[in-house]
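Asker: Generate a structure from the sequence data that follows.
(one chain, ligands or ions: 3)
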Amino acid sequence: MTHVSPAGKQPDSSGTGPSAAGKALYGGTGSRRITVRDIASAKERGEKWPMLTAYDAMTASVFDEVGIPVMLVGDSMGNCHLGYESTVPVTMDEITILSAAVVRGTKRALIVGDLPFGSYQEGPVQALRSATRLVKEAGVGAVKLEGGERSADQIQLLVESGIPVMAHVGLTPQSVHAYGGYPVQGRGEEAAQQLLRDAKAVQDAGAFAVVLETVPAEVAGEVTRSLHIPTVGIGAGPDCDAQVLVWTDMAGLTAGRVPRFVKQYAQLRQTLGDAARAYAEDVVGGAYPAAEHSFR
Ligand SMILES: Nc1nc(=O)c2c([nH]1)NC[C@@H]1CN(c3ccc(C(=O)N[C@@H](CCC(=O)O)C(=O)O)cc3)CN21
Ligand SMILES: CC(C)C(=O)C(=O)O
Ligand SMILES: [Mg+2]
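Answerer: Ligands and ions are numbered 1, 2, ... in the order given. Below is the predicted model:
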């Protein structure tokens, strides 16, 4: 600590150098909520940062306590939390309710709400109406929407209206029916140039960061070095400024096949199944509840 904090207050974030503890996005000690300005200064310092999805208050509180600086209430809730086949059916009501839960479960993280399919494609005015609802009803600090050049007008109006926007280019899963799957994007010289144009367009429109999903690592590195806003990679190699994963993939809870870019840091599906099986066997066998779990 480089200076004394006012009595009764947490240390503030005004450190004296690049590695001041209060300033680091991950591992920092600041107690106020992280803002998009903190995100911008991380790129200036060359600091990499982690992002995870979250869909409920309890899980989000775990990630917040660990210091995950940015959480995305992703429309991946469709297939990971709500039992849909893809992200396409997710509604504004669903995103709003779960975003509000994640905001309530966190104190420090910047919470980004994902605009679902159909909530911004009609144009900037529809996008502003949807984003405003997420900001006012759920309390998110930023929103995310898919698309590069095609979404620049939406991004510009939101940013002019005071809503920070995280953009999302490369593989945009809301277009699954147009792709016919989830193919790698930006392969080949022409596609790589289009990806760079998309990334520049969202930066020019005022986005504070841009997700690069499922693109060749080399192309993602080139985009990252060409932009002044941070890139957040998912299946985009090691040269992005930040990384994001769907939390149930990261923790080994997702059912069935996970994308190849996922690294599983736990086997929660196994662990939770083991716990449920042990509980069930205790109930069937009469071992639970025991005397210490009973009242007299
Ligand atoms: N659980 C989960 N994790 C995700 O990362 C995720 C979702 N759901 N739902 C929405 C999208 C869909 N995502 C995906 C899904 C599959 C691949 C995938 O398997 N792609 C092929 C590409 C092969 C190629 O074109 O060469 C692969 O084999 O990896 C990629 C992204 C990412 N998002
Ligand atoms: C994987 C991230 C980027 C996403 O859009 C989501 O989880 O919905
Ligand atoms: Mg999404």
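Asker: I'd like to know how many residues surround E137.
Answerer: E137 has 15 neighbouring residues, counting by other CB atoms under 10 Å. C-beta coordinates here come from the backbone N, C-alpha and C atoms, glycine included.
Asker: of all of the stretch 51-200 of the chain, which residue lies closest to ligand 2?
Answerer: Using CB to the nearest ligand atom, G74 is the residue of the stretch 51-200 of the chain that sits closest to ligand 2, at 2.3 Å.
Asker: Which residues are in contact with that residue?
Answerer: Applying CB atoms under 8 Å, 6 or more residues apart in numbering, we find G74 in contact with T53, Y55, C80, T87, D114, V246.
Asker: out of the residues you listed, which touch ligand 1?
Answerer: Subset of these in contact with ligand 1: C80, T87, V246, counting by CB under 6 Å from any ligand atom.
Asker: Can you list phi and psi of L52 for me?
Answerer: phi -130, psi 150 (degrees, to the nearest 10).
Asker: And the strands in the stretch 1-150 of the chain, which stretches?
Answerer: 49-53, 70-73, 110-114, 142-144 (DSSP state E, counting those that start in this stretch).
Asker: Format those strands as CSV; extra columns: mean pLDDT and mean neighbour count.
Answerer: Shown next, in CSV, are these (pLDDT from 0 to 100; neighbours: other CB atoms under 10 Å):
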stretch, mean pLDDT, mean neighbour count
strand 49-53, 98, 24
strand 70-73, 98, 28
strand 110-114, 99, 28
strand 142-144, 99, 25
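Asker: can I get those strands in a markdown table with distance to T59?
Answerer: Listed next are these as a markdown table, based on distance: least, CB to CB, whole Å:
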| stretch | distance to T59 |
| --- | --- |
| strand 49-53 | 9 |
| strand 70-73 | 9 |
| strand 110-114 | 13 |
| strand 142-144 | 19 |
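Asker: where exactly do the helices run in the chain?
Answerer: Remark: helices assigned in the chain by DSSP state H are 36-45, 57-66, 77-80, 92-104, 124-133, 152-160, 176-179, 189-205, 217-226, 247-250, 268-285.
Asker: which stretch in those has the least confidence?
Answerer: When those are compared by mean pLDDT, helix 36-45 comes last with a mean of 94.
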